[in-house]
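Asker: sequence plus predicted model, see below.
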Amino acid sequence: MGATHLPSTEFDGTGIDDRLEAEAEARLGDPVEPMVQLLAPDGTLGSDPVFSEYAERLDPAELRGFYADMAKIRRFDVEATALQRQGQLALWVPLTGQEAAQIGSGRASQPQDYIFPTYREHGVALTRNVDLAELLRQFRGVSNGGWNPKDTNFHLYTLVLAAQTPHAVGYAMGIQRDQKFAASAALADGTAGQATEPKAAVMVYFGDGASSEGDVHESMVFASSYKAPVVFFCQNNHWAISVPSSVQTRIPLANRAKGYGFPGIRVDGNDVIAVHAVTEWALERARQGEGPVLIEAFTYRVGAHTTADDPTKYRESAEEGRWRAKDPLERLEKYLRAEGVADDAFFEQVRADGDELAAYVRKTTHDLETPDIRTAFANTYVEAHPLVAEELAWFEEYSAGFADEAEPADTEAAN
Amino acid sequence: MTTMTIAKAINEGLRATLNNNPRALLMGEDIGPLGGVYRVTDGLIAEFGADRVVDTPLAESGIIGTAIGLSLRGYLPVCEIQFDGFVFPAFNQITTQLAKMHSRSNGNLTVPVVIRIPYGGGIGSIEHHSESPEALFAHTAGLRIITPSNPHDAYWMIQQAVDCQDPVIVFEPKRRYWLKGEVDTESPGPSADPFRAHVLREGTDATVVVYGPLVPVALAAANAAAEDGHSVEVIDLRSISPIDFDTVTESVQKTGRLVVAHEAPTFGGIGGEIAARISERAFHSLEAPVIRVGGFHMPYPVAKVEEDYLPDIDRLLEALDRALSY
Ligand SMILES: Cc1ncc(C[n+]2csc(CCOP(=O)(O)OP(=O)(O)O)c2C)c(N)n1
């Protein structure tokens, strides 16, 4: 493998006028950011002056783990889509195509890091050991969250686009402050220089569409100003529902970071090894106090935006076909087989594990209990609130009025 | 007269607007080839082109902010916000800029921006897709707020909103998008004034005031009450800012009892404003306190329990019972 920095294909097939693109480039005076790729679509491993070192750290078990995770989450995605079709979920947000971006980045994080997802980061959730059945609570309409973020340092999904990006920066600023507190405490009690908590960073996910929201701009300003230990991870899957990424940005998204004063890297988002390497680099850098990084994972949402969406209305299926040829799983499978790192038995086992996960998810989804609206009364405020108490009392009295009517039906059901 | 759904009526209303006003344009996320997530703008980009039907970047503050600029330059932007819960990134532009531009300029500037927002629950959706934030906007002077409840109004109100020189927010009851009804595309008839309430059903014992998604619920409750021998008048408010207090007052002077219902939380809602005004205007006619029916003081709950949250026929009947018991 020769060149590892491939030219960008940002505007391929999006109907953008080449002349406009050239003009924009000329005005900016900067070349289009190259894209980091290590594992090519044909399964061969290239080299990179900075990131090969990170790829070399990976042992065979980790590489197999990447594959297993990607296959698992794809299987989960298929299952959740089926559950939605069967009326078990109100909506599903599929991730097929984005497995490498999610597993590669999620696996580069450490337990002490804190992750802020959007709503499609099921693969990242898997790497953070979130019970995938819990992810489905939100889509089944039984919870607006579904898991305790404190258990896994994986924050709740956020549906208002980009709203989580300033939270991530604030959290990272909190980590900075904690380090200062710890340092001065250590000085005071004479334990300076002794082992301390591992350093932590924050990673926040958002899409190419969300990158247009003002919150992203403001959070990047804060992150840069305070050199916050945060990694902005943008999955550029090329479509914000029906709007192509060319409407959100005329330059590669990664290039925007320069304007804020921190590094931006575009990585092949379908190359799990490169994504892992770049993210590990960025997180290490952040933990060492060197400030934020923007990673743009250049990938593609192969399926619909959600189960409520119809992509045939706005894009050609040929485009989807071109991206399927860059499939992240097939690419890694080729490499693992060629290197003799994984054999048929391994892939068979992965398939079986996937089916087992799917069966588990199916069963637990059916069992997810419908909450009582009383829990919503209880959780609106931390402390007692007279208006909530008054409304709850009204609700109890009102519901009691139906108790007589409900009884015959209940008895019937019991028979 | 033709029969169509509310969604189709708005689509036709927008088509008429684009045909009649060369300076009118639509702006929003996914309103182009997709036709909007509710397909309300279906087919319009093919007909009018990308300059008139603008698929914008994903940025609500940007949409409303640039619409303000366009309107200052003499254009008539009609903005679509994808869902109620996603209007808040634009809240700043709407409340601090759009609403105040005319007054700040001592009347020299007008910003006739129209904002369409699908609102309300009952569609089994996930967080931020079912909210009723109308009171947050009604509290801001400088904005007009209307909400159609049937296809005929939907067809005309969107056009009237564009014709209005003030900024207008059109809250569209999304769970009624597929409700069918007759539309007279030749003449608005009694719907000529979008800021006037309509008495949909006459009655003598009590008045129920509703708007948008709860209109069919109130009509059904009035029918149920009739079976118990109660004659209930139903008013479709249609305009939330301004509110047509004359029509409501007149009704209450006749019936002596008032129930106001909306999906938004009762506390701080439109119902409270109506209750207070009617208490002032028709104190001597009232035979019972004004009763409000609305959502609870909690974030809109998860879909599986929204039935417990949303005012339904039973909740309206219970309120009517209370009013009638005085
Ligand atoms: C503030 C806000 N506006 C609009 C929406 C509706 N919406 C949901 S997803 C989406 C597209 C998001 O695209 P992108 O950020 O690229 O992420 P992707 O879904 O492709 O992963 C839109 C417009 C929303 N959730 N939040």
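Answerer: Received it, and whenever you're ready, just let me know what you need.
Asker: name the nearest residue to the residue of the stretch 201-326 of chain B found nearest chain A, ignoring sequence neighbours.
Answerer: Shortest the stretch 201-326 of chain B-to-chain A distance, computed as CB to the nearest CB: residue-wise this is residue B:303, at 3.0 Å. No exception for glycine: its C-beta is placed from N, CA and C like everyone else's. Spatially, and ignoring its direct neighbours in sequence, residue B:303 is nearest to residue A:141 (3.0 Å; CB to CB, 6 or more residues apart in numbering or on different chains).
Asker: how about the contacts made by that neighbour?
Answerer: Shown in contact with residue A:141 (CB atoms under 8 Å, 6 or more residues apart in numbering or on different chains): A:90, B:124, B:125, B:126, B:302, B:303, B:304.
Asker: how about the residues of the stretch 201-350 of chain A near the ligand?
Answerer: Counting by CB under 6 Å from any ligand atom, the residues of the stretch 201-350 of chain A close to the ligand are A:207, A:208, A:209, A:210, A:237, A:239, A:240, A:241, A:301, A:305.
Asker: tabulate those (JSON lines), appending pLDDT, distance to residue A:55 and neighbour count.
Answerer: Below are these laid out as JSON lines (pLDDT from 0 to 100; distance: CB to CB, whole Å; neighbours: other CB atoms under 10 Å in any protein chain shown):
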{"residue": "A:207", "pLDDT": "98", "distance to residue A:55": "26", "neighbour count": "25"}
{"residue": "A:208", "pLDDT": "98", "distance to residue A:55": "26", "neighbour count": "27"}
{"residue": "A:209", "pLDDT": "98", "distance to residue A:55": "30", "neighbour count": "27"}
{"residue": "A:210", "pLDDT": "98", "distance to residue A:55": "29", "neighbour count": "24"}
{"residue": "A:237", "pLDDT": "98", "distance to residue A:55": "24", "neighbour count": "24"}
{"residue": "A:239", "pLDDT": "98", "distance to residue A:55": "29", "neighbour count": "22"}
{"residue": "A:240", "pLDDT": "98", "distance to residue A:55": "31", "neighbour count": "24"}
{"residue": "A:241", "pLDDT": "98", "distance to residue A:55": "35", "neighbour count": "21"}
{"residue": "A:301", "pLDDT": "97", "distance to residue A:55": "26", "neighbour count": "26"}
{"residue": "A:305", "pLDDT": "97", "distance to residue A:55": "32", "neighbour count": "22"}
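Asker: show the average pLDDT along the longest strand seen in chain B.
Answerer: Among the segments of chain B that qualify as a strand by DSSP state E, the longest is strand B:258-265. Rounded to a whole number, the mean pLDDT of strand B:258-265 is 98.
Asker: kindly report the same for stretch B:10-24.
Answerer: Rounded mean pLDDT across stretch B:10-24 is 98.
Asker: how far does that stretch sit from its chain's centre?
Answerer: 20 Å (CA atoms, centre = their mean, to the nearest Å).
Asker: contacts for that stretch, please.
Answerer: B:4, B:25-26, B:39-44, B:47-48, B:52-53, B:74-78, B:116, B:154-159, B:162, B:172, B:183, B:185.
Asker: rewinding a little: check which helices and strands the helix or strand just after the longest strand of chain B sits against.
Answerer: For strand B:258-265, the following helix or strand on the C-terminal side (DSSP states H and E) is helix B:270-281. Applying 3 or more CB pairs under 8 Å, 6 or more residues apart in numbering or on different chains; DSSP states H and E, one finds that helix B:270-281 contacts helix B:134-138, helix B:245-255, strand B:258-265, strand B:291-295.
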